[in-house]
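Novice: Next come a sequence and a model predicted from it.
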Amino acid sequence: MRARVLVRPKAGILDPQGQAVERALPALGFEGVRNVHVGRLIELDVEDPARLPEMCERLLTNPLIEDYEIEQ
Amino acid sequence: MSSSTYSLDERHRQLGLTDEEYARILDRLGRAPNDVELAMLSLMWSEHCGYKHSRRLLRRLPKEGRHVLLGPGENAGAVDVGGGLAVAFKVESHNHPSAVEPFQGAATGVGGILRDVFAVGARPIAVLDSLRFGEPSVSERSRYLLDRAVAGIGHYGNSIGVPTVGGEIYFEPSYEQNCLVNAMCLGLAPHERLIRSAAAGPGNVVVLLGALTGRDGIGGASVLASAELGEGDEAKRPSVQIGDPFTEKKLLECCLELLDRDLLVSLQDLGAAGLTSAASEMAGGGGVGLTIDLCQIPLREADMEPFEIMVSESQERMLCVARPECVGALLDVCERWEVLATTIGCVTDGDSLQVLHRGNVVADVPVRVLIDDCPLYDLQPVPPSSDLYRASEAVLSGDESVADTLLALLRSSNLASRRPVFEQYDPIVQSRTVRRPDEADAAVLMLPNGSAIAVSIDGNGRRVACDPRRGAAEAVYECSANLACVGAEPLGLTNCLNFGNPEKSHVAWQLTEAVEGLAGACEALGVPVVGGNVSLYNEAPTGPIFPTPVVGMVGKLPNAARPGRMGFALTGDSIALVGPFEPSLVGSELAKLRGEAPVGELPAIDAGRIRIAHQAVRARVRSGAFRSAHDVAEGGVAATLAECCIAGGLGATVRLPEWLDPFGEAPGRGFIVSGPAEALAGFVVIGEVGGEALRVEGLLDLAVSELRDARDSGLAGWV
Amino acid sequence: MKFGVVRFPGSCDDIDALQAARRVGDAVLLWHTDHDLQGVDAVIVPGGFSYGDYLRAGAIARFAPVMAEVEEFARSGGLVLGICNGFQVLCEAGLLPGALLTNVSLKFVFRQVDVEVVRGLGPFTGACEAGERLSIPVKHTTGRFHAPDPELDRLEASGQVLLRYAPGHNPNGSLRDIAGVCNESGNVFGLMPHPEHAVDPLGGSVDGLKIFESMRADVEQHVLA
């Protein structure tokens, strides 16, 4: 089955990419945007979705600096 | 065989061929080409691949020289640098793709020129880039192109571990619609490892190395470069070439090991027109035929048609020929480097490029028709009857003090510090770099035997617009002057000619004059042209770009420990002006800031005196008599003095000759040098190093810190 | 004294590290698929873009076959030096604390910077004085050192912060200006600056040599002991 792993920077860690995007949007006429964070999407076909958390912990994310969310 | 949805009449036009060219194909082929053959021919006969409007003209350039090992026509030229080593080098443009997608356009431009260099067996050891954009202060688009192109060059060069050691950037309204991205690469090889691209040995195997073949750049670079950019360039975007430096790094190491183990008969990189061009050139160079089976080619997309596979410009691929008994060892090396290697065909003793797909012959074209029968056109040069280029916006009125004028020049986009750019590049990987950006007028890289090579890239389109012949010659002299400042003697030159639409007689005139200027300067200095590139049709509805010949020159110095520097070195040193320097404001940066159009006569060129001056500077930099040397270029003597103070962190007290306009320019003809008084005695001494300010008697007195701040502020924030 | 320099696909400063190490002892390349460390006295994990920096810098290289040997070597007290990408690999492998994030500027930065030696002791900075300034170049996009505050407090208290960027020289926003850290036992050291590019007088500073010399002195000491 097809799974999606959303990886985002851990709260509290400086996210300059998110800040850069947040700064750029008003310049293009988009007001009222706050709290922007930039992460990563990993998509994969898996036979055993029960192993996804382990995959995330071991390779797909760095648990020290990233949180993840699995969508199936 | 697939049939096109266009009528027979329109197919060729859709692919960029004229009716006359199509008729010529019918005549040379003896029949109508099918769709695959037509696609192949339309690319091989495009301006980008066929050099239709420039090939005859380029014959004017001198290519003989006692150091030349590989001349024009190979993937890169090469010169002997002593110690059994050769330096291969070339410059290439990637202008049109960069206008569409600047990050990938610039990145793949670097990727392409790297492949050209390791295709001749040389390990890439340095990259330089020459860029042109519109004015960043007024154009958001140009700021965007600058920012992304620099990021793309950095991304590719840094990731693959080749240092970017130098370059230049000019900003002119003329380039607003047509940016220029020229990338130069140098490589190092022992003589024995240099290899040519000509296929040989009927029965030998053709192997494709590297990335999968996808739809990248289909109808891309070549076709785009054969027409001016107009409305709707969006539609040409879908097949943008994406570069992958990691794949190329593995490909590079793999190819060099294959050559070290003597496993290859020939090697060719896949660039514009992909497999079609690579296979045609390999066959043509060797006077043999080639058969390719498309079903062997590893594809990224399963449903690709034969013509797509033949013209795909997927990056990071090489084609090689190997003897059958070497193929096993070849595949082992490739596996170790994780490089995909597939036998896709063989060399034949026929004379055609034959393409098979699912057991059928889908194309069978004599190599001669693909390459030699490509029409060559004579240019119809006519000098322009009126001024081609508008004046730029005036930023200075002419009432400013000399001091304020200098500060404005240092702050201006063409003189400002490029630190925000070159800090995005790694200039030191491979541990050869002895002179980093901003330390001297040329980059210097040490060689194993204690000597060093130097390299510079130059070209001033505004001055060439004033006078194409003299302006182009100046680019050559300026390069040689830059090399002299580090003590290097020129060995060879590569050039990229960036011009507008050559079918227009005034552009044809610019091109013809510029080539004549280049040729004359090369002959005067005894520097051969070992290769280069032409990019035409850089034109928008508003008109052509400034005619922009870009020159890259490589030289050699005997002692890597004595590489010459730009900045004043020692308090108390004398300062002198060296060379047949007769400056004028025509075509100068000050004229640009004052809102003057690029019109007028450039200073006369006395080749003999220039040669003597370059030799004098070179010798004294080598001996240490000159502790610093910097050639006078944009901004004139005033800017040059300021740059020497900033680079050295030392001020100077100077008095200029009455006749000398402090902002007048004459590239390649003047040097500001410093050294012990006794060493400079025979030259026009103008002052002394010392203090914390640049004091030019009667003209200006500015703290070095103020000069530095002005220069640092120019591009900050734009990139 | 024999150094081993690991070479992954995509390593760029491996030969530079080899050349620098050879000024101080012998040095060999260790191919990423080899399970043999060839009896080296110290391992260097070099700079570059191993595996294209795919997924995260160092994330894939840490699982290379040779890394099993490197981890074993480190566990038994062998000296391991991680430079730039090497530092990233060692953090991903859990051999060093913390993680490296994208520079605050979001851009690649090349710059000659001053770093201050925090402790002139141990296998990597033993040849330096505390407070000494070393001039060494940095060149990276992902060099911002990060660890949670309590962890940072612990690292500082236990003397694991070996190098800090001098005031005004922090090129990437690393927390507490940290440029290099070692593990608890002090035998594994990672730093973002490139000491192998500060060993040749022709190139400018030779301050980087001190790190290699410290390693040699430490190994020779242990041989004698």
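Specialist: It's in.

Novice: isn't B:Leu396 right next to B:Leu593, touching?
Specialist: Yes - if you go by Cβ atoms under 8 Å, B:Leu396 and B:Leu593 touch, sitting 4.7 Å apart. C-beta: built from backbone N, CA, C; applies to glycine.

Novice: In contact with the nearest residue to C:Asn183 once chain neighbours are set aside, which residues?
Specialist: Across the structure, with Cβ to Cβ, 6 or more residues apart in numbering or on different chains as the measure, the residue nearest C:Asn183 apart from its sequence neighbours is C:Leu96 (5.8 Å). Under the criterion of Cβ atoms under 8 Å, 6 or more residues apart in numbering or on different chains, the contact partners of C:Leu96 comprise C:82, C:87, C:90, C:181-183, C:188-190.

Novice: circling back to that earlier point, quick one: common contacting residues for B:Leu396 and B:Leu593?
Specialist: The contact lists of B:Leu396 and B:Leu593 share B:Ala408, where a contact means Cβ under 8 Å, 6+ apart.

Novice: the more surrounded of those two?
Specialist: Regarding B:Leu396 and B:Leu593, a neighbour count based on other Cβ atoms under 10 Å in any protein chain shown identifies B:Leu593 as having more, with 25 against 16.

Novice: Surely the more buried one and B:Leu409 touch.
Specialist: Yes - applying Cβ under 8 Å as the test, B:Leu593 and B:Leu409 come out as touching, 6.9 Å apart.

Novice: does A:Met55 sit in a helix or strand, and which one?
Specialist: Secondary structure from DSSP states H and E places A:Met55 in helix A:52-55.

Novice: and that helix, anywhere near chain C?
Specialist: No - with Cβ under 8 Å from any Cβ of the partner chain as the measure, helix A:52-55 is seen stopping short of chain C, the closest distance being 11.7 Å.

Novice: Residues contacting that helix, please?
Specialist: Outside helix A:52-55, the residues that reach it (Cβ under 8 Å, 6+ apart) are A:3, A:5, A:46, A:70.

Novice: That one: which residues count as buried?
Specialist: Neighbour-count burial for helix A:52-55, with 16 or more other Cβ atoms under 10 Å in any protein chain shown as criterion, is recorded at A:52, A:55.

Novice: Just checking, which helix or strand succeeds it along the chain?
Specialist: Sequence order places strand A:66-71 as the next helix or strand after helix A:52-55, per DSSP H and E.

Novice: other SSEs contacting that following strand?
Specialist: Contacts defined by 3 or more Cβ pairs under 8 Å, 6 or more residues apart in numbering or on different chains; DSSP states H and E place strand A:66-71 against strand A:2-9.

Novice: quick one: secondary structure of the residue nearest the centre of chain B?
Specialist: Centre of chain B computed as the mean C-alpha position; nearest residue by Cα atoms, centre = their mean is B:Val91, 3.2 Å away. Following DSSP: H, G, I helix; E, B strand; the rest coil, the label given to B:Val91 is strand.

Novice: need the contact list for the nearest residue in space to it that is not next to it in sequence.
Specialist: Of all residues beyond its chain neighbours, the one nearest B:Val91 is B:Met184 (4.0 Å), with distances taken as Cβ to Cβ, 6+ apart. For B:Met184, the residues meeting the contact criterion (Cβ under 8 Å, 6+ apart) are B:89-92, B:113, B:127-130, B:455, B:457, B:494, B:552.

Novice: got a winner among the residues you listed for most neighbours?
Specialist: Neighbour counts for the contacts of B:Met184 were taken using other Cβ under 10 Å; the highest belongs to B:Phe89, which has 34 neighbours.

Novice: List the contacts of that one.
Specialist: B:76-78, B:117, B:184-187, B:455, B:492, B:494, B:530-531, B:552, B:554.

Novice: next one: C:Val6
Specialist: By Cβ under 8 Å, 6+ apart, the residues touching C:Val6 are C:14, C:29-30, C:32, C:43-46, C:64, C:66, C:70, C:86.

Novice: so it, which of the three states?
Specialist: Following three-state DSSP, the label given to C:Val6 is strand.

Novice: what pairs with it across the strands?
Specialist: Each beta-bridge partner of C:Val6 is listed here: C:Leu30, as defined by DSSP bridges.

Novice: how near is it to C:Gln38?
Specialist: 11 Å (Cβ to Cβ, to the nearest Å).

Novice: any residues in contact with both of these two?
Specialist: The overlap between the contact sets of C:Val6 and C:Gln38 (Cβ under 8 Å, 6+ apart) consists of C:Leu30.

Novice: Could you point out the longest helix of the chain?
Specialist: Here I'm looking at chain A. Secondary structure assigned by DSSP state H gives helix A:16-27 as the longest helix of chain A.

Novice: You answered for a different chain; I wanted chain C.
Specialist: helix C:209-224.

Novice: List of residues touching that one?
Specialist: Contact with helix C:209-224 is made by C:1, C:3, C:20-21, C:23-25, C:41-42, C:79, C:81, C:122-128, C:134, C:195, C:198-199, as judged by Cβ under 8 Å, 6+ apart.

Novice: What parts of chain C come near chain B?
Specialist: The interface of chain C toward chain B, taken as Cβ under 8 Å from any Cβ, is made up of C:9-13, C:15-16, C:19-20, C:48-49, C:51-54, C:107-111, C:137, C:139, C:196-197, C:200, C:202-203.

Novice: if you look at those, which of them are in strands?
Specialist: Taking DSSP state E, the ones among the residues of chain C next to chain B that sit in strands are C:109-111, C:137, C:139.

Novice: still on that earlier bit, quick check, nearest of the contacts of C:Leu96 to chain B?
Specialist: Chain B has its nearest neighbour among these in C:Phe87, at 16.4 Å by Cβ to the nearest Cβ.

Novice: Surely the closest one touches C:Gly98?
Specialist: No - the pair C:Phe87 and C:Gly98 fails to qualify as a contact (Cβ under 8 Å) at a distance of 9.4 Å.

Novice: Settle it for me: which of these two has more neighbours?
Specialist: Using other Cβ under 10 Å, the more surrounded residue of C:Phe87 and C:Gly98 is C:Phe87, with 30 against 22.

Novice: Spit out the contact partners of the more buried one.
Specialist: C:45, C:96, C:100, C:180, C:190-192.

Novice: That one is in what secondary structure piece?
Specialist: With secondary structure defined by DSSP H and E, C:Phe87 is part of helix C:85-92.

Novice: now, which of the contacts of B:Met184 sits nearest B:Leu29?
Specialist: B:Glu92 (30.2 Å; Cβ to Cβ).

Novice: returning to what we had before: only whichever of the residues of chain C next to chain B are buried, select them in PyMOL.
Specialist: Isolation of the buried members of the residues of chain C next to chain B (16+ other Cβ under 10 Å) is achieved in PyMOL through the command below:
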select buried, chain C and resi 9+10+11+12+13+15+16+19+20+48+49+51+52+53+107+108+109+110+137+139+196+197+200+202+203
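
Novice: Looking at the residues of chain C next to chain B, which are in helices?
Specialist: Secondary structure assignment by DSSP H places C:15-16, C:19-20 of the residues of chain C next to chain B in helices.

Novice: Pick the one among those closest to chain A.
Specialist: Closest to chain A, out of all of those and judged by Cβ to the nearest Cβ, is C:Asp16, at 27.1 Å.
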